[in-house]
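Peer 1: Sharing a model that was predicted from the sequence below.
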Amino acid sequence: MNDMTSSGHGSGELRDPVADRVGNVALFAVVPSAQGRLDRLRNIMVEREIQGLLISDLANIRYLSGFSGSAALMLVTGDRALITTDSRYAVQIEEEIDLAGVSGSMDIAISSPSNQDGQKHAIVEMVRSSCIDHLALEADKISWHTKKRWLEVFQEVKINIGLQPATGLVEQLRTVKDGMEISLMHHAAAMADAALGKVYPMLDEHPQEKDFALELDWWMRKLGADDRAFETIVAAGPNGAKPHAQPSSRKIENEDAVVVDFGASFMGYCSDMTRTLCGAGKLSGEMAGVYDVVVRSQQAGIDTLRAGVKCSDVDRACREVIEDAGYGDKFAHSTGHGVGLYVHESPVLGTRSEDVLQAGMVVTVEPGIYLPGVGGVRIEDMLVITDDGCESLTSSPK
Ligand code: ZN
Ligand code: ZN
């Protein structure tokens, strides 16, 4: 059960989270190397017969270049790469690309924030000099208007080029994490674990959901997180039956099951974890039974994790336990998802998923049971896939 007191999280028994869970923050004050990623992207481009790719997704750009600014475009061809931004980031872009170890592999173009023509001009000129006749755009990241506008830009300067839709190229690379990415995510997860340890005793004071959420967010930041990875969910009692409830002013009572779903963001990488807590320490009545089913369901899913396993099989393993307990229709979402620069990314651990697990993927396993008018239970961990199993990056008691 979710008796966190017995696991050293009760008031008066808190371990030092910084020393115990988070470790030495300075150790991680390095940027993941982006070296080799452009070459791996080019291999995928050759496989898919793509001559040039114009990247607009900021996480994809960060992954390839290390640049973390809020405005950028990147053009990659068979032998060249160009990154553009505006003058607010003139210093930052040089520094970050250098830190990521890729400063020699891409050109930089900078325009004023109010006039993007300089960036467009640099892209147009690289397309012209590269002699490519097709350019792929990230179809699921740009609007119809943007696609039309690029067509007009090339027509205006008399470049005859076809635009083609492309999806999932950089995302395909991002699904498998390297050692540094996994370290950063482990670090983010440790901050969230430690924050929960700090905030858990507050349940004794019957806080409002939104105060409990705010305190969690505050502690994650205090422990070194750059931000929360997504809007923290704290849903007590009947509110817990809504999987994505927003924290409200409802007071958390002793007997409530409290679904707490939250994560930290650290150097661009996210963590994601859910625990279902109880102010009284242990749930009682039907919710106690429901909690037990969800624990067993999650463990059944985790037991299937290893490289080569179909994501749909993980989903099936979790779902069978819940169906056998008679709650099949009360588990209405997917079992899990990949996590990385975005909190939700490939692969999908769902009934219809065709994804297959690979070593180095970081995924969540998060079955839940939701009883309208009564409450909900969800338990979620974030795990790295290995050749023969998995390792959990989240470690709060459950
Ligand atoms: Zn979550
Ligand atoms: Zn999740």
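Peer 2: Cool, got the structure. Ligands and ions are numbered 1, 2, ... in the order given.
Peer 1: OK, now which residue of the stretch 1-150 of the chain is nearest to ligand 2?
Peer 2: In the stretch 1-150 of the chain, the residue that lies nearest ligand 2 is residue 59 (16.8 Å; Cβ to the ion). Any C-beta I mention is one placed from the backbone N, CA and C, and that applies to glycine too.
Peer 1: Next, the contact list for that residue, please.
Peer 2: Taking Cβ atoms under 8 Å, 6 or more residues apart in numbering, we find residue 59 in contact with 174, 268, 340-342.
Peer 1: pLDDT score for it?
Peer 2: Looking at residue 59, its pLDDT is 97.
Peer 1: That one: which element?
Peer 2: helix 58-65 (DSSP states H and E).
Peer 1: Now residue 38: phi and psi?
Peer 2: Per-residue torsions, residue 38: phi -60, psi -40 (degrees, to the nearest 10).
Peer 1: Let me know whether it touches residue 100 as I believe.
Peer 2: No - if you go by Cβ atoms under 8 Å, residue 38 and residue 100 don't touch, sitting 10.9 Å apart.
Peer 1: Centre of the chain to the helix holding residue 59, how far?
Peer 2: Relative to the chain's own centre, helix 58-65 is displaced by 14 Å; criterion: Cα atoms, centre = their mean, to the nearest Å.
Peer 1: And stretch 260-268, by the same measure?
Peer 2: Relative to its chain's centre, stretch 260-268 lies at 8 Å (Cα atoms, centre = their mean).
Peer 1: and residue 320, how many neighbours?
Peer 2: If you count neighbours by other Cβ atoms under 10 Å, residue 320 ends up with 14.
Peer 1: Report the secondary structure state of the closest residue in space to it that isn't next to it in sequence.
Peer 2: With Cβ to Cβ, 6 or more residues apart in numbering as the criterion, residue 320 has its nearest non-adjacent residue at 7.1 Å, and that residue is residue 300. Counting by DSSP: H, G, I helix; E, B strand; the rest coil, the backbone at residue 300 sits in helix.
Peer 1: what does residue 45 give?
Peer 2: Here residue 45 is recorded as helix under three-state DSSP.
Peer 1: can you offset everything so residue one is 534?
Peer 2: Yes, from this point I'll number from 534; that puts the last item at residue 578.
Peer 1: residues contacting it?
Peer 2: Counted by Cβ under 8 Å, 6+ apart, residue 578 has contacts 584, 586, 609, 611, 669, 702.
Peer 1: And it, how close does it get to residue 614?
Peer 2: For residue 578, the distance to residue 614 (Cβ to Cβ, to the nearest Å) stands at 11 Å.
Peer 1: about what we covered before: neighbour count: residue 571 and residue 633, which is higher?
Peer 2: In this view residue 571 and residue 633 are compared by other Cβ under 10 Å, and residue 633 has more residues nearby, 22 against 18.
Peer 1: Contact partners for the more buried one?
Peer 2: Neighbour list for residue 633: 564-568, 598-600 [criterion: Cβ under 8 Å, 6+ apart].
Peer 1: What subset of the residues you listed is buried?
Peer 2: 564-565, 567, 598-600 (16 or more other Cβ atoms under 10 Å).
Peer 1: Can you pick out the most distant pair from these?
Peer 2: Using Cβ to Cβ, the pair of the buried ones among the contacts of residue 633 lying farthest apart is 565 and 600, separated by 12.5 Å.
Peer 1: Let me see the ranges of the helices in the stretch 584-733 of the chain.
Peer 2: Taking DSSP state H, counting those that start in this stretch, the helices of the stretch 584-733 of the chain run over residues 591-598, 623-632, 650-663, 677-689, 702-707, 712-732.
Peer 1: Point out the residues in the protein that sit beside ligand 2.
Peer 2: For the chain, the residues found near ligand 2 under the criterion Cβ under 5 Å from the ion are 805, 897.
Peer 1: Can you tell me which residues in the chain are near ligand 1?
Peer 2: Applying Cβ under 5 Å from the ion, we find that the chain lies next to ligand 1 at 794, 805, 807, 913.
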